[in-house]
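Peer 1: Mind looking at a prediction? Sequence and model below.
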Amino acid sequence: MGEIQLGHHKIGDGHPPFIIAEMSGNHNQSLEKALEIVDAAAAAGAHALKLQTYTADLMTLELDTGDFFINDPNSLWQGQSLYRLYEQAYTPWEWHKPIFDRCRELGIIPFSTPFHPTAVDFLEQLDTPFYKIASFENNDLPLIRYAARTGKPLIISTGMATLAELEQLVNAAREAGCKDLILLKCTSTYPASPLDSNLRTIPHLRELFQCEVGLSDHTLGIGAAVASVVLGASVIEKHFTLSRADGGVDSAFSLEPSEMKLLVAETRTAKEALGVVHYGLSDKEQSSLKFRRSLYISKDVQDGERLSEDNMRIIRPGYGLSPKYMEQFLGQKVFKPIKAGTPVSWSLLQRE
């Protein structure tokens, strides 16, 4: 599996996890706040900032009854219509350029999730380096094919998709020209419980579809995201806000700046800590040898005296022979005086 280039970052086994800060609707319809979110994401060390590109009209019908009204008492968005929710959460298209410009000034990669082919066309004008397909659109094969035809990398969330649907979307993307595909394991509940995250799916997805795999994480905190790195996730996406107290459609399950900074640091640490299968003393452990136990003369021993548990002990530091040789020395006669604190070696038993 080769490396994938996302902007100026490489994605793959030999590289740190790629962290995406998802702004979503956390700007609460303020461009000033949107730019502050960009600044905070860059300062926290996120590698990319993601927008969502749609209008309410591209998402649904302007109806507030029946299937178009959210009645689920467990939903963060209960009591409003789909249309009003999308009106509240969408990012005005005229904001995209100033947001992209601010990202590029700060060295963070701007990109977006298009929810309609017209959004892809719009984002092409902004030179978007790659695209993300949301879980709720992963069954929209025409949209996937349209984005794939740009020839740019595709990141696709897998929430709710069956294995058969995943095969269809992967085939659709590849047949339309996508050469660099990243699947994000995703649980499409808001917030998601760690019990529903099923992170063990990550290596299975990688093996099954022979592509890079990451995590679009809606759990609270960073634990699930850090754990996903151990299972091979190379891309992590988390919703991001300046403060959950500000409210907004996604704020309840978004990270704040200090938490995003911690996510960047701890996922990198987790990746570095994986290492390789290794046993025994490493080069950097050489200086720690002195804290191991070994055999030492514990009392002055006279010429001709025999070694015993009274004058020889297993203690720190570790510069004497290994404790496993204790039995071989007990009862042996020495042929020279030996001072307490002398590390035991085979030469102590030799005649001079």
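Peer 2: Noted; the coordinates are in hand. Numbering: from 1, shown residues only.

Peer 1: Give me the buried positions along the one helix or strand Glu94 maps to.
Peer 2: Using DSSP states H and E, Glu94 sits in helix 93-106. Neighbour counts over helix 93-106 (16 or more other C-beta atoms under 10 Å) mark Trp93, Trp95, His96, Ile99, Phe100, Arg102, Cys103 as buried. All C-beta spots, glycine's among them, are computed from the backbone N, C-alpha and C.

Peer 1: Run through the neighbouring helices and strands of that helix.
Peer 2: Applying 3 or more C-beta pairs under 8 Å, 6 or more residues apart in numbering; DSSP states H and E, we find helix 93-106 packed against helix 31-44, strand 48-53, strand 109-114, helix 117-125.

Peer 1: Can you name the residues that contact the residue nearest to Phe69 when sequence neighbours are not counted?
Peer 2: Counting by C-beta to C-beta, 6 or more residues apart in numbering, Ser81 is the residue found nearest to Phe69 once chain neighbours are left out, at 5.1 Å. Residues near Ser81 by C-beta atoms under 8 Å, 6 or more residues apart in numbering: Leu63, Asp64, Phe68, Phe69, Ile70.

Peer 1: With respect to Leu184, which of these is nearest?
Peer 2: Ile70 (24.5 Å; C-beta to C-beta).

Peer 1: State the number of residues packed around the closest one.
Peer 2: For Ile70, the count of nearby residues is 16 (other C-beta atoms under 10 Å).

Peer 1: Check it and give its pLDDT.
Peer 2: pLDDT, Ile70: 91.

Peer 1: same deal with Glu212?
Peer 2: What the model reports for Glu212 is a pLDDT of 97.

Peer 1: Regarding the residue nearest to it when sequence neighbours are not counted, what are the backbone dihedral angles?
Peer 2: Leaving aside its chain neighbours, Glu212 sits nearest to Ile182 (4.5 Å; criterion: C-beta to C-beta, 6+ apart). Main-chain torsions, Ile182, degrees, to the nearest 10: phi -120, psi 120.

Peer 1: Tell me which residues touch Ile182, please.
Peer 2: Contact partners of Ile182, counting by C-beta under 8 Å, 6+ apart, are Ile4, Ile11, Pro153, Leu154, Ile155, Ile156, Cys211, Glu212, Val213, Gly214, Ser234, Val235.

Peer 1: hmm, back to that, could I get the helix holding Glu94 in CSV with only the CA atoms?
Peer 2: The C-alpha trace of helix 93-106 is given here as CSV (Å, rounded to 0.1, in the frame of the first residue of the first chain):
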residue,chain,number,x,y,z
TRP,A,93,-20.4,29.8,-0.1
GLU,A,94,-19.0,33.3,-0.2
TRP,A,95,-17.1,32.5,3.0
HIS,A,96,-15.2,29.7,1.5
LYS,A,97,-12.5,31.8,-0.2
PRO,A,98,-11.6,33.9,2.9
ILE,A,99,-11.6,30.8,5.0
PHE,A,100,-9.4,28.9,2.5
ASP,A,101,-7.1,31.9,2.3
ARG,A,102,-6.7,32.1,6.0
CYS,A,103,-5.9,28.4,6.2
ARG,A,104,-3.2,28.7,3.6
GLU,A,105,-1.7,31.7,5.3
LEU,A,106,-1.3,29.6,8.4
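
Peer 1: before we move on, the earlier item: let me have the contacts of Ile182 in TSV, extended by secondary structure, distance to Thr55 and neighbour count.
Peer 2: Listed next are those as TSV, based on DSSP: H, G, I helix; E, B strand; the rest coil; distance: C-beta to C-beta, whole Å; neighbours: other C-beta atoms under 10 Å:
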residue	secondary structure	distance to Thr55	neighbour count
Ile4	strand	30	22
Ile11	strand	31	23
Pro153	coil	25	22
Leu154	strand	22	25
Ile155	strand	22	28
Ile156	strand	22	28
Cys211	coil	31	20
Glu212	strand	31	27
Val213	strand	31	26
Gly214	strand	28	29
Ser234	coil	32	27
Val235	strand	27	25
